[in-house]
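Q: Using only what follows, build the 3D model:
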Amino acid sequence: MDESLASRSLSFARFAWKDWHDFFEHQGPVCENPLLANSSRYHSFLTKWSVSRTLRSGVHEKFRETLRTSEEFLRALNDDSGQMLEELEHELRPEFGTRGGTKRIISVVSKVATFIRPERFVAWDTFARRGMNRILGRGSYSQFSDYPHYLRSFDIVWNGDLGREIRAYVTHNAIQPIEREPRFQRRVLDLYHMESGRIGTDKADKVARFVKSHSAGGN
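A: Sure, this is the predicted structure:
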C-alpha cells in the first residue's frame, strides 16, 4: 500500500462523506433518499460528480423520476452481483443515453447506486478502472467485460492484501465512527483506485495540491 495515496484517498472520502452523508446514510425507502427525492440535490450531484454529460440533454429530471419510481432499480440495488444493474443500464440507454441512445450510461447508473448503497456498489470510473488494473497486475487499459466483472474485480482487491491494509489504515486513523464501517472504507479503496489510475497525469498533481490545501483543518 502506498501510504501517501491512502492518506489522500481517506481525505477525499471524508470530504465526500461530509457533503453527501444524507445520501450515503439514508435509512428509509429508496424513493425518499434525497438523491432521488430532492431535485436540487440530485442536479448538484450530477454536476459535482461529472455525470450530467452522460445523459442526453433535456432528460435529466425524467431520469431521476424514472429511478425513483422504478421497481427494476430497487431489484438491481438488492442484487449484489451487479448483473441487474447492468441489465437496467441496457434498458435505460436508448431513452437516456447520448449519441441517439447508443452510448453507455453505466457511469451515472452505477454512481447513483453507489451513493445509495455504498456498502456494495462502486462507480464505473475511467481512472478507477485504470488503477484497479494496475493493482491487479493487468495492463492499465485492459477492458472489463461488463459492470459485474468490474464489481467482482473490486471484491478481489477488497478481500486481498491491499483491501486489508486499507481497512487497517482507515480504522487506525478514524476520526468518526462511520469511518470504521465497510461502506466508508470501500469508498476509500475506490478512491485509492482512482488515485492510482491518475498517476502520471496532470490531474494527479492538481489532486495532490487540492488535498494538501484542505488538509490543514482536518475533517
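Q: Distance from whichever helix or strand Gly100 is part of to the middle of the chain?
A: Using DSSP states H and E, the element containing Gly100 is helix 98-101. Distance of helix 98-101 from its chain centroid, counting by Cα atoms, centre = their mean, to the nearest Å, is 23 Å.
Q: Just the mean pLDDT for that helix, thanks.
A: In this model, helix 98-101 has a mean pLDDT of 92.
Q: Hmm, Arg104 and Pro94 touching each other?
A: No - in terms of Cβ atoms under 8 Å, Pro94 does not count as a neighbour of Arg104; the distance is 11.4 Å. Where you see a C-beta, it was placed from the backbone N, CA and C, and this is true even at glycine.
Q: Look at those two and report which has more neighbours.
A: More neighbours surround Arg104 than the other of Pro94 and Arg104, with 17 against 10 (other Cβ atoms under 10 Å).
Q: give the contact list for the more buried one.
A: With contact set as Cβ atoms under 8 Å, 6 or more residues apart in numbering, Arg104 has these partners: 89, 93, 97.
Q: JSON lines please, covering the residues you listed and showing neighbour count and distance to Leu162.
A: Output for the contacts of Arg104, formatted as JSON lines (neighbours: other Cβ atoms under 10 Å; distance: Cβ to Cβ, whole Å):
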{"residue": "Glu89", "neighbour count": "22", "distance to Leu162": "28"}
{"residue": "Arg93", "neighbour count": "17", "distance to Leu162": "33"}
{"residue": "Gly97", "neighbour count": "20", "distance to Leu162": "34"}
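Q: from the residues you listed, which is closest to Val109?
A: Taking Cβ to Cβ as the measure, Val109 lies nearest Glu89 of those, at 4.9 Å.
Q: Could you name the helices and strands sitting against the longest helix anywhere in the chain?
A: For the chain, the helix that runs over the most residues, judged by DSSP state H, is helix 3-24. Judged by 3 or more Cβ pairs under 8 Å, 6 or more residues apart in numbering; DSSP states H and E, helix 3-24 is in contact with helix 34-37, helix 39-48, helix 106-116, helix 161-172, helix 182-198, helix 202-214.
Q: So for the last one, mean pLDDT?
A: This means helix 202-214. Helix 202-214 carries an average pLDDT of 46.
Q: For the helix holding Gly100, list every residue counted as buried.
A: Using 16 or more other Cβ atoms under 10 Å as the test for burial, helix 98-101 gives Thr98.
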